[in-house]
Structure formats: C-alpha cells, structure tokens
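> how would this look folded up:
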Amino acid sequence: MRWQILGAVAAVIAVGLGGCQKDKAKTAGGPVPGPERKAGLWEQTTTIADVKPQTVRLCTDRTVDASLPWWGGVAQTGNCKPISGKKNPDGSWSFESRCDMGAAGKTGLTGSGAGDFNSRYEVKITVVTAGAAEPKMNGRRQLTNVMVWKGECPADWSVGDVEVPGGTRMNRDPDSVSREIAKAKAALAAQDAEAKAKAAAQ
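Down below sits the predicted model:
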C-alpha cells in the first residue's frame, strides 16, 4: 500500500501539478517570474523515495511553456496557482505553488532549480499535502525532477505532444477535449437536421 500511495503521488506530480497558465498567475508585482528553457524535446524524470522513477517526454516551445510550470509538469491537473518565483544570486531559481486537488487534498510545493535551462537542470521540491480523502496521501515528501534536453522534436511529433511511461503519446493541449466535444455536438446536430429535413420531405 505504501508503494501504491507514493507511486500515485509521484505520477501526479510528474504529470500534472502546477498547471496554471503563467500569464494568469500574478503576484502584486505582476506575473510570477521564471526561467525560459530551450524549445525542443525535453525528458523529465521524477524521483521520490521508495518509488520507481517516472519519466515523461514533452515536445515544447515558448507557447507551450507559457502554460506549464518550469519546475515540472506536462499537463493541467487540478487548480494550481504559482504563488512566487525569483532568480537567486547564484543563478538558481526558487518557486512556491499551491494546488487544490479535490479529494486528493490541498498541496503546497516549494523548491529550487539550477543548471542549464538549454540542456539540463535539476529541481528539488518539497511537497506538503493535507485534507486528502486517503490519509496516507497526506504529509511531507521530497522529490527531484531532472529535465534533460534531448534535441529537436522528432519529425512525427507535434508541439505539445507528451509521451508518458509505457510509450503512450498524447497532446497536452488543454482545449483539445472541449474541441472534440464541440465537433461531436456539431456532427450530431447536422445529423438531426438532416433527419428532420428528410422527414419533412416525405
């Protein structure tokens, strides 16, 4: 059970925490600052105690990165809001974020990242969760995200594509689901209109 709970925590953090758009995440002084990383294919490996490391790959550019947290995350999961961010004198970056994950509780993240944001950087994160329906999800945990630039995105990838453990690939576009729903509704409406037209002609 311990492995399952921590594994779920690692997967959530690797794929989703911190999905609030940067242009909407503001402090009293404006948008929360953060580093810019090189466009291309990034590999993100999340390590947490007693859990097998989780690795995902993301094809990104400046537009995609504008809606993702630089400290880790390739999807928009939960109600997450960056609270603060700053560049430190040694060149590293610090951040703080808060997430409301519903039944999974409320989570606070703090940490710092250092390295070359064009090739490889490492982020140390402290995660504190409270109020989760599953008590073992609550508490304080330490994790590390290592981001490595693997080169240009492969020819058969699109910007925003994400490959999760197991090789499944999807696009992290937060509007893709709503667009598909809209397409389905439009198709049903067209079919209904065609059926009514045929009935009226008889």
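> now residue 162: which helix or strand?
Here residue 162, judged by DSSP states H and E, is contained in strand 161-163.
> would you mind giving the domain segments of this structure?
Domain ranges of the chain: 2-171, 175-202, per automatic domain parsing.
> hey, which of those is tucked in deepest?
domain 2-171 (a mean of 17; mean count of other Cβ atoms under 10 Å). For glycine as for every other residue, the C-beta is placed from the backbone atoms N, C-alpha and C.
> any idea how far that one is from the chain center?
Relative to the centre of its chain, domain 2-171 is centred 6 Å away, using Cα atoms, centre = their mean, to the nearest Å.
> mind checking the pLDDT average for that domain?
In this model, domain 2-171 has an average pLDDT of 82.
> all strands for this protein, in order.
Using DSSP state E, the strands of the chain run over 26-27, 30-31, 40-48, 54-60, 79-87, 93-100, 106-116, 120-130, 139-151, 161-163, 169-171.
> tabulate the ones you listed (CSV), appending distance to residue 66.
Listed next are the strands of the chain as CSV, based on distance: least, Cβ to Cβ, whole Å:
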stretch, distance to residue 66
strand 26-27, 14
strand 30-31, 10
strand 40-48, 15
strand 54-60, 10
strand 79-87, 12
strand 93-100, 16
strand 106-116, 18
strand 120-130, 18
strand 139-151, 17
strand 161-163, 16
strand 169-171, 16
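> of all these, which one is nearest residue 191?
For these, the distance to residue 191 is smallest for strand 169-171, at 27.2 Å, taking Cβ to Cβ.
> helices and strands around the closest one, which ones?
The contact analysis (3 or more Cβ pairs under 8 Å, 6 or more residues apart in numbering; DSSP states H and E) places strand 169-171 against strand 161-163.
> one more time with 10 Å, if that's ok
Other helices and strands packing on strand 169-171, by 3 or more Cβ pairs under 10 Å, 6 or more residues apart in numbering; DSSP states H and E, are strand 54-60, strand 161-163.
> out of the ones you listed, nearest to residue 190?
strand 161-163 (30.2 Å).
> the closest one pairs with which strands, parallel or anti?
Within its sheet, and counting by DSSP bridges, strand 161-163 is paired with strand 54-60 (antiparallel), strand 169-171 (antiparallel).
> okay, these in a markdown table with distance to residue 156 next?
Below are the strands paired with strand 161-163 laid out as a markdown table (distance: least, Cβ to Cβ, whole Å):
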| stretch | distance to residue 156 |
| --- | --- |
| strand 54-60 | 10 |
| strand 169-171 | 9 |
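> residue 123: which of these is closest?
Among the strands paired with strand 161-163, strand 54-60 comes nearest to residue 123, with 14.1 Å by Cβ to Cβ.
> span of stretch 51-70 from start to end?
23 Å (Cα to Cα, to the nearest Å).
> one more: stretch 112-124?
6 Å.
> which residues sit in contact with the closest residue to residue 132 other than its chain neighbours?
Spatially, and ignoring its direct neighbours in sequence, residue 132 is nearest to residue 105 (3.2 Å; Cβ to Cβ, 6 or more residues apart in numbering). Applying Cβ atoms under 10 Å, 6 or more residues apart in numbering to residue 105 gives the contacts 99, 128-135, 137-138.
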